[in-house]
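Chemist: Got a sequence here, can you model it:
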Amino acid sequence: MAQRTSAFLSIALVLTVAPVSAQRLSPIANPNEVRPGVLRTPDARFENLEDYPFEPHYVDLRIERAVGGQERVPMRMHYVDEGEGDAVLMLHGQPTWSYLYRKMIPIVASEHRVIAPDWIGFGKSDKFIREADYSFRMHFQSAMAFVEALDLDNVTLVMQDWGGILGMPLATEIPDRIARLVIMNTALPTGYGIMTPMWYGYRDRTRQQAASGQERVFAAGGRDPERVRAYSAPFPDPSYYAGPNTFPQILPILPNDPAAERMLRTARRLQRWDKPALVMFSDGDQILGPHQNYLRRLIPTAMDEPLIVIEGAGHFLQEDQPEAVAEQILDFIERHPL
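Modeler: Numbers count the residues shown, from 1 in each chain. Next comes the predicted model:
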C-alpha cells in the first residue's frame, strides 16, 4: 500500500485579552455570543477551506456546565455525515476539529457512513467562554448525548488523541452500540502518571499561553498557510480559546483527579473487551507514541490484529498519511464483518 511521506507535524500555539477563566458571565455583548457565556464561531470563518466541502450537520444538546450546579445549557454540536451504511465515528483530539479527517472521510465514506463531530469548544460546535465550564465529565456527557441523539449502532469507533481519551470510556459505557475500535495515537491515563515528558511540557506551555492572553495560531500539519487558516478558523480571538486551553489541564494525572476513577474503570473493562480492536500508531509521535504497546497488551482482541505502524507520520497521522490510515481502517472493517 502506497504511503505518502510528509514532514512530521508540529502544533504552533502562537494568542489579547485577560485570561478567559477570569471572565464572568454577563448580559450578551459579543454579537457571536448566542447566550450568556456561549460563543458560536461565524460561518464566514469556515468558507472555502481546502478539501473540506462537507455539508454541516447539527444536533442540539443540553450540556451541563462544569460549574453552576445543575444548570444545563442549550449547545449546538456540529458533525460531518457522509456516505451510507453502518457508522464509522471519527473522534478528533486537541486542538483540532473534524477538518483533521477531511482526506480520510471520502475514502471511508465510499463504503460506510462516516460521522465526524466537533467537540464542544472546537470546530463549528458552540463554545463556552469560561474555562471553568469545561470538564472531563462535561465532554464525556456530550459524547454520550451525541451518540444517543443520532441513535448510532454497530459503530466502528475511530479515535485519536483526546478522541481516544474520551472515546475509550464511551465505548465501555455503551458497548452494545460499538462494533469495533480503532485506537490511534492516544493514551489511557488512569491517574497514575503514565504520560510522557513531552506531554507534560505541552500541558505546561498551554497553561502559560492561556494565562498570557496572547493571540495564537493553531496548526496541525506544519506551517502551510491554508492549514493554519483552517485549524485556526474556529478561534477568531482569545475569547474562543477556553476549549483548547482546558483539554490538557483536565487529563487525570493523579489518582484523586476527577476523571481518574472513570479511566481506571475503563481500563478494567478493556481488559475484558471481546470485540475487534485495532491499535494503530504512527512511527513519529513523540508525545503519545509510547502508549501503543500498553494499549495493545491491555485489550485482548488488539493482540489478534497485526502490528500496524504508519510510517512517515507524526502525532496527527490523519494529516501526515490520511490515505494509508483510511485504507487500514477499511481493511480492518472488512476483516471483521458484522
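Chemist: any chance you could map the strands in the stretch 1-150 of the chain?
Modeler: Assigned by DSSP state E, counting those that start in this stretch, the strands in the stretch 1-150 of the chain fall at 33-35, 38-39, 57-64, 72-82, 87-91, 113-117, 127-128.
Chemist: TSV for the ones you listed, including mean neighbour count and distance to residue 156?
Modeler: Any C-beta I mention is one placed from the backbone N, CA and C, and that applies to glycine too. Formatted as TSV, the strands of the stretch 1-150 of the chain follow (neighbours: other CB atoms under 10 Å; distance: least, CB to CB, whole Å):
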stretch	mean neighbour count	distance to residue 156
strand 33-35	16	33
strand 38-39	22	32
strand 57-64	16	19
strand 72-82	19	14
strand 87-91	26	5
strand 113-117	26	10
strand 127-128	28	28
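Chemist: Put together JSON lines for the ones you listed, with mean pLDDT and distance to residue 168 on each row.
Modeler: Shown next, in JSON lines, are those (pLDDT from 0 to 100; distance: least, CB to CB, whole Å):
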{"stretch": "strand 33-35", "mean pLDDT": "93", "distance to residue 168": "32"}
{"stretch": "strand 38-39", "mean pLDDT": "96", "distance to residue 168": "28"}
{"stretch": "strand 57-64", "mean pLDDT": "95", "distance to residue 168": "21"}
{"stretch": "strand 72-82", "mean pLDDT": "96", "distance to residue 168": "20"}
{"stretch": "strand 87-91", "mean pLDDT": "98", "distance to residue 168": "10"}
{"stretch": "strand 113-117", "mean pLDDT": "98", "distance to residue 168": "16"}
{"stretch": "strand 127-128", "mean pLDDT": "96", "distance to residue 168": "24"}
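Chemist: For those, give me TSV that also has distance to residue 237.
Modeler: Putting the strands of the stretch 1-150 of the chain into TSV (distance: least, CB to CB, whole Å) gives the following:
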stretch	distance to residue 237
strand 33-35	12
strand 38-39	10
strand 57-64	22
strand 72-82	20
strand 87-91	26
strand 113-117	24
strand 127-128	12
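Chemist: Ok, which of these comes nearest residue 228?
Modeler: strand 127-128 (19.5 Å; CB to CB).
Chemist: and that closest one, which strands flank it?
Modeler: Using DSSP bridges, strand 127-128 pairs in its sheet with strand 38-39 (antiparallel).
Chemist: Might you calculate how far the partner strand sits from the centre of the chain?
Modeler: 20 Å (CA atoms, centre = their mean, to the nearest Å).
Chemist: which outside residues touch it?
Modeler: 30, 32-33, 73, 75, 126-129, 239-240 (CB atoms under 8 Å, 6 or more residues apart in numbering).
Chemist: Just the closest of the residues you listed to residue 177, please.
Modeler: Nearest to residue 177 among the contacts of strand 38-39, counting by CB to CB, is residue 75 at 21.8 Å.
Chemist: Specify the beta-bridge partners of the closest residue in space to residue 117 that isn't next to it in sequence.
Modeler: Excluding its sequence neighbours, the residue lying closest to residue 117 (CB to CB, 6 or more residues apart in numbering) is residue 79, at 3.9 Å. Judged by DSSP bridges, the bridge partners of residue 79 are residue 57, residue 117.
Chemist: contacting residues around residue 79?
Modeler: Listed by CB under 8 Å, 6+ apart, the contact set of residue 79 reads 57-59, 98, 115-118, 146.
Chemist: Tell me the one of the residues you listed nearest residue 205?
Modeler: For these, the nearest to residue 205 is residue 118 (23.4 Å; CB to CB).
Chemist: gap between that closest one and residue 142?
Modeler: Taking CB to CB, to the nearest Å as the measure, residue 118 falls 10 Å from residue 142.
Chemist: One more: residue 246?
Modeler: From residue 246 across to residue 142, the span is 13 Å (CB to CB).
Chemist: quick one, which of those two is more surrounded?
Modeler: residue 246 (27 against 22; other CB atoms under 10 Å).
Chemist: Can you list the residue ranges for helices in the protein?
Modeler: 104-109, 136-150, 162-173, 197-212, 225-232, 242-246, 260-270, 291-298, 317-320, 322-335 (DSSP state H).
Chemist: Please name whichever of those helices is nearest to residue 305.
Modeler: helix 322-335 (7.2 Å).
Chemist: who does the closest one touch, helix- and strand-wise?
Modeler: For helix 322-335, the packing partners by 3 or more CB pairs under 8 Å, 6 or more residues apart in numbering; DSSP states H and E come out as helix 104-109, strand 155-160, strand 178-184, strand 277-282, strand 308-310.
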